[in-house]
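Engineer: What follows is a predicted protein model with its sequence.
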Amino acid sequence: MGRRTRFWTCVVFMVFAVGILIRPAEARFKPTPCNNPFTQPQEIQLGLKAMGQVYQQQPILPDSDPVSRYVQSLGARLVQFAPGDRWPYQFHVVNAADINAFALPGGEIFVNLGTVQAASDEAQLAGVMAHEISHVAQRHSTCNAAKQQMPSILAGIGGALAGIFIPGTAGVIAQQGISSVAGLTFLRMSRNDEKQADLMGTDILYDAGYDPRALPQFFETIQAKYGSGGAQLLSDHPNPGNRIGYVDQEIATLPPKTAEMKDSPEFVAMHTRALKMHAETAEEIKAGAWKSKQPPLPAEAIAAGATTTAPTTQQTGSSTTPQSGTLGSTINWHPSSAMNTFSHSLYTVRYPQNWNMSGSKQSSVVIAPTGGTGTDANGQTATAYGVIIDRFQVQGQGDVQQLTDALIQGIEQSNPGMSEATDVTGITVNRRQGRSVEFLSHSPLSTSSKTVYERDWMVTVQRPDGSLSYLIFISPEKDFSSLRPTFKNILNSFTVR
């Protein structure tokens, strides 16, 4: 992976196993099958053909991207517990800021980078993916097509999908959902479909060793943040009502477990990388600059008849002029003395008034100077200056040292090219015990002709519930000593709720 092999910009995913996982004979929830005229090969071909339109109109991360590899590995873990027919499940990450996920017929599942960024822990992300797996397992898309008497859909899929999956384009899809565009009513899921996907997804999460309550909790968190119609995920996944209630009823039918996984060091490492990536906004997707870097359409989709338009290689303006958001084009990292206060649900923190904060009171946050995050010289998204604040929790772990060791272990196992620059030492942050460690790696400001070294300072702080809050301070090595007083001021202001 060269210089990109490092914790904050590249993660090699390892499955974090909890005990011995044994696939049950079938899920506890048993949906009533529909009278589906589509054969399994037809349904698979339908989904593969639809992929051509997705690749044409959505920025897809390459399969080699660490976040894509992580999602693929997590998906492979979950599908072991999916009931019913065996489908050729494949998982893809859409580099889109909207919080959404969708499943094509036959097993092609897409998760937006915005969803990965919004998930608080691995169980929540696994819940969203288990929900989409359940739509595939229950064949909801083609069942809906059969109900609507659309037997010609296989022949007409190319034209029918002309406007599919462009979150927020011209405001249409953001308001109506993906299934309302271009007559794609067969992809609109009913509230009953959503409830069925929730219940089967609950069983999949349980059997995979995760906390099954994470699925409704993620939906409830998004609804609290955006309102019932303000997020793409909620537009495309209508709330059946009382998700937590009926999921709890389903959980009550399952044998109790002594431990359920919510998080893992691998998720924390991948999530940290994802937070530093620039997810394309609806306006940026519409502008189409991403098409010049779009990965090729998978061979199986081409074999099924999927096509895409040729990617745009010439962008407006000079190719040597940095575009908006280019990392390092106009970095003004010098902090102001005036400070803003941010009140999170888990903590309060102060940061330089001329730095930018992205995130919410319920999610992870990134605080960075203008130009400190964006796209580097190789077209990769990364952060060169700033601080990331998040939470880490693993079931079964103990004190602050054990949790910090587990976090560092995930970093070291995932990133052989990254090295610890200091020992792990004790630290007190506003009267709470914590740990401090620094890493050295290559900065995303590096180019083919120049290597820039980066220092990453991680501080963990124990929370009242036993979990950790952690802060990662990021800067090129040459500027770190100048920024250390500012980083210390931020750390000293950090107060756990």
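Structural biologist: Yes, it's here.

Engineer: Give me the distance from the helix or strand containing residue 474 to the chain's centre.
Structural biologist: Element membership for residue 474, per DSSP states H and E: strand 468-476. Mean-position distance between strand 468-476 and its chain equals 19 Å (Cα atoms, centre = their mean, to the nearest Å).

Engineer: what mean pLDDT would you report for it?
Structural biologist: The pLDDT scores in strand 468-476 average 92.

Engineer: chain center to stretch 207-221, what's the gap?
Structural biologist: In terms of Cα atoms, centre = their mean, the centre of stretch 207-221 is found 15 Å from the chain centre.

Engineer: so residue 433 touches residue 425, yeah?
Structural biologist: No - checked against Cβ atoms under 8 Å, the pair residue 433 and residue 425 is beyond contact range at 11.8 Å. Where C-beta positions appear, they are placed from N, C-alpha and C, glycine not excepted.

Engineer: which SSE is residue 218 in?
Structural biologist: Assigned by DSSP H and E, residue 218 belongs to helix 214-226.

Engineer: I meant to write residue 387 there.
Structural biologist: Per DSSP H and E: strand 386-392 holds residue 387.

Engineer: swap in residue 444?
Structural biologist: Of the helices and strands defined by DSSP H and E, none includes residue 444.

Engineer: That one against residue 374, yeah?
Structural biologist: No - contact criterion Cβ under 8 Å: residue 444 and residue 374 do not qualify, at 9.1 Å.

Engineer: neighbour-wise, which of those two wins?
Structural biologist: Higher neighbour count among residue 444 and residue 374: residue 444, with 29 against 26, using other Cβ atoms under 10 Å.

Engineer: any idea which helix or strand carries residue 195?
Structural biologist: Assigned by DSSP H and E, residue 195 belongs to helix 191-207.

Engineer: in that helix, what's buried?
Structural biologist: 193-207 (16 or more other Cβ atoms under 10 Å).

Engineer: Could you single out the nearest of the residues you listed to residue 43?
Structural biologist: Of all the buried residues of helix 191-207, residue 43 sits closest to residue 193, with 15.8 Å by Cβ to Cβ.

Engineer: My read is that the closest one contacts residue 135, right?
Structural biologist: Yes - using Cβ under 8 Å, residue 193 is in contact with residue 135, at 7.1 Å.

Engineer: what's the spacing between residue 436 and residue 408?
Structural biologist: Distance of residue 436 to residue 408, given as Cβ to Cβ, to the nearest Å: 11 Å.

Engineer: Name the residues contacting each of the two.
Structural biologist: Residues within reach of residue 436 and of residue 408 at once, by Cβ atoms under 8 Å, 6 or more residues apart in numbering, are residue 424.

Engineer: which SS class is residue 77?
Structural biologist: Using DSSP: H, G, I helix; E, B strand; the rest coil, the structure places residue 77 in helix.

Engineer: what's the offset of stretch 292-303 from the middle of its chain?
Structural biologist: On Cα atoms, centre = their mean, the centre of stretch 292-303 falls 22 Å from that of its chain.

Engineer: ok, residue 433 and residue 425, which is more surrounded?
Structural biologist: Between residue 433 and residue 425, counting by other Cβ under 10 Å, residue 433 is the more crowded of the two (14 against 10).

Engineer: Then the more buried one would be within a strand, right?
Structural biologist: Yes - under three-state DSSP, residue 433 sits within a strand.

Engineer: Model confidence for it, exactly?
Structural biologist: For residue 433, pLDDT reads 92.

Engineer: follow-up on the earlier one: list the buried residues in the strand holding residue 387.
Structural biologist: Buried residues in strand 386-392 (16+ other Cβ under 10 Å): 386-392.

Engineer: Next: stretch 445-452.
Structural biologist: So, applying 16+ other Cβ under 10 Å, buried residues of stretch 445-452: 445-446, 452.

Engineer: okay, stretch 243-254 in CSV with CA atoms only?
Structural biologist: What follows is stretch 243-254, C-alpha atoms only, in CSV (Å, rounded to 0.1, in the frame of the first residue of the first chain):
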residue,chain,number,x,y,z
ARG,A,243,-39.3,-0.3,15.8
ILE,A,244,-37.8,-0.7,19.3
GLY,A,245,-41.0,-2.3,20.6
TYR,A,246,-41.4,-5.1,18.1
VAL,A,247,-37.6,-5.7,17.9
ASP,A,248,-37.7,-6.1,21.7
GLN,A,249,-40.5,-8.6,21.3
GLU,A,250,-38.5,-10.6,18.8
ILE,A,251,-35.4,-10.5,21.1
ALA,A,252,-37.5,-11.9,23.9
THR,A,253,-38.1,-15.1,21.8
LEU,A,254,-34.3,-15.6,21.5
